[in-house]
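Chemist: Model the following, please.
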Amino acid sequence: MAALAVGHAPQAVAAKKKSPNVVVIFMDDMAYADIGPFGAKAYPTPHLDRMAKEGRKFTDFYVTQAVCSASRAGLLTGCYNVRVGIFGALGPKSNNGLHANEVTLAELCKQKGYATAIYGKWHLGHHKQFLPMQHGFDDYFGLPYSNDMWPYHPGVLHLPMKERLKRWPHLPLIDKNEIINTQVSGKDQELLTTQYTERAVEFIEKNRDNPFFLYVPHSMVHVPLFVSDKFKGKSGAGLFGDVMMEVDWSVGQILETLRKHKLDKDTLVVFTSDNGPWLSYGDHAGSSGPLREGKGTMFDGGCRESTLMWWPGTVPAGSVCSTPAMTIDILPTVAELIGAKLPAHKIDGKSIVNLVTGKNDKSPQEAYYFYYGQQLQAIRMGKWKLHFPHGYRTMAGRPGGTGGIPTKYSQAKIGLSLFNLEEDIGESTDVKAKHPKVVAKMQALGQAMRKELGDQGKKGSGQREAGRLAKR
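Modeler: Got it, this is the predicted structure:
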């Protein structure tokens, strides 16, 4: 009997383990092959390399839509962005944002008494009623939308400032609910990655004795690229490399703070990105590596993200998960880990605790659905990806621009096409003629989802409205 008691002791200890802290680091426009663990070689990313060695690589991890606001809506609500009415990239003239009735990751964590904070780019509505403090966050510091939404956007540089400001007003910096800088400059942007990191470290240290949820959605590597003096010219791989080195430093600062306070074995850290590279920017954009296309398309280069998960002692070190998963699964996963109740309304994500911990590689989802705008463009089911006929933008093999000035995309079309992603990661060889039963099943899944979430102007039964600016 004594031997049995000893044998069960580790499980007893595990059962008493406190709910984990949660940190989500969310990059902007970072491509699949932009970090060392996924193939980057032009510049070093030692902290992310270490994170991968001590954690788990997710090779087939997706976002809901390959554009800023839509992607963030999926991460924070556990829903396809189409369900919650958030599309595209909300700008300074937008009068909508995340609806107050949607439950965010922060609000989920607040159920269990977690401290919550966001340091970085929000992009789910810039009016006060939509800002993070109204969606479950205790603290916020950062930009309300993308860092190119300002009068120095390349599309308006040829105009006098008076005309520029009609299209793009000055970019604000927000602390909690207040604008603390009404005209963010290039010099200000150089400091953002450092400032987000310092705030994140301070938050961890302040809450080291309490459970916390920390969300760090970086403004980089979205163009225009900016980097602090400490990393300028350091990579030897141009400005993009310098920026990626600073991002890697930031990750290192956060992980080292967790180690310093002995929180590493009590904290799940997720590192991923909102979409793939903005290819028209050429040397100021990243690389999709073997994947097809980039941001603004639902080929894997646009929506499949290099993802790392780290939780020493719980996430198996040096492991790889090739089972498809998506940002919508993060919210229900966190809910299971901390014992929080899921939202009363329908969500699309499902817990992937088994994938995170390496217990098994079985997906809880039958398929993942890829809308662009309001059009259902593709479905991933196991190793298969089916594209429905749709148009898309492409560089068609041409190089992008240089020095932060983009070149133009071409327009292309794809017909009904089936790809085996295990054999054809670049989505290059259509095999629908060989697998008619697979196509038929996926088409049926698509039709059912169209009824639920709509398609090309036809509203679905499960769609909800975005928040609208309250009339004064």
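
Chemist: residue contacts, residue 65?
Modeler: Contacts for residue 65 were tallied using Cβ atoms under 8 Å, 6 or more residues apart in numbering; they are 71, 74, 81, 82, 87, 275, 298, 303, 370, 371, 372. Every C-beta, even on glycine, is put in place using the N, C-alpha and C of the backbone.

Chemist: Equivalent analysis for residue 439, please.
Modeler: 386, 416, 418, 432.

Chemist: Mind listing what's buried along stretch 352-372?
Modeler: Using 16 or more other Cβ atoms under 10 Å as the test for burial, stretch 352-372 gives 352-357, 363-365, 367-372.

Chemist: which of those residues lies closest to residue 249?
Modeler: Using Cβ to Cβ, residue 356 is the member of the buried residues of stretch 352-372 that lies nearest residue 249, at 25.5 Å.

Chemist: quick one: that closest one and residue 22, what's the gap?
Modeler: 11 Å (Cβ to Cβ, to the nearest Å).

Chemist: I'd like to know which of the buried residues of stretch 352-372 are part of strands.
Modeler: In strands, defined here by DSSP state E, the members of these are 368, 369, 370, 371, 372.

Chemist: Same list (those) but as a markdown table, adding pLDDT and distance to residue 318.
Modeler: As requested, those are exported to a markdown table (pLDDT from 0 to 100; distance: Cβ to Cβ, whole Å):
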| residue | pLDDT | distance to residue 318 |
| --- | --- | --- |
| 368 | 99 | 26 |
| 369 | 98 | 32 |
| 370 | 98 | 30 |
| 371 | 98 | 35 |
| 372 | 98 | 35 |
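
Chemist: Tabulate those residues (TSV), appending distance to residue 346.
Modeler: Shown next, in TSV, are these (distance: Cβ to Cβ, whole Å):
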residue	distance to residue 346
368	16
369	14
370	19
371	16
372	22
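
Chemist: Okay, now the unreliable bits of the protein?
Modeler: Along the chain, the model assigns pLDDT under 70 to residues 1-17, 472.

Chemist: which stretches of it form helices?
Modeler: Using DSSP state H, the helices of the chain run over residues 2-16, 46-54, 68-77, 81-84, 105-110, 161-167, 186-190, 192-206, 238-260, 300-303, 330-338, 353-357, 436-453.

Chemist: wait, what's in contact with residue 337?
Modeler: 19, 20, 22, 268, 353.

Chemist: likewise residue 82?
Modeler: Neighbouring residues of residue 82 by Cβ under 8 Å, 6+ apart: 64, 65, 371, 374, 453, 454, 460, 463.

Chemist: excluding its backbone neighbours, what's nearest the residue minimising distance to the centre of the chain?
Modeler: By Cα atoms, centre = their mean, the chain has its centre lying nearest to residue 274, at 3.2 Å. Sequence neighbours aside, residue 71 is the residue nearest to residue 274 in space, at 4.0 Å (criterion: Cβ to Cβ, 6 or more residues apart in numbering).

Chemist: Just give the number of residues close to the one you found.
Modeler: Other residues near residue 71 come to 29 when the count uses other Cβ atoms under 10 Å.

Chemist: That one and residue 81 touch, don't they?
Modeler: Yes - counting by Cβ atoms under 8 Å, residue 71 does reach residue 81; the two are 7.2 Å apart.

Chemist: what sits in contact with each of the two?
Modeler: Listed as contacting both residue 71 and residue 81 by Cβ under 8 Å, 6+ apart are 64, 65.
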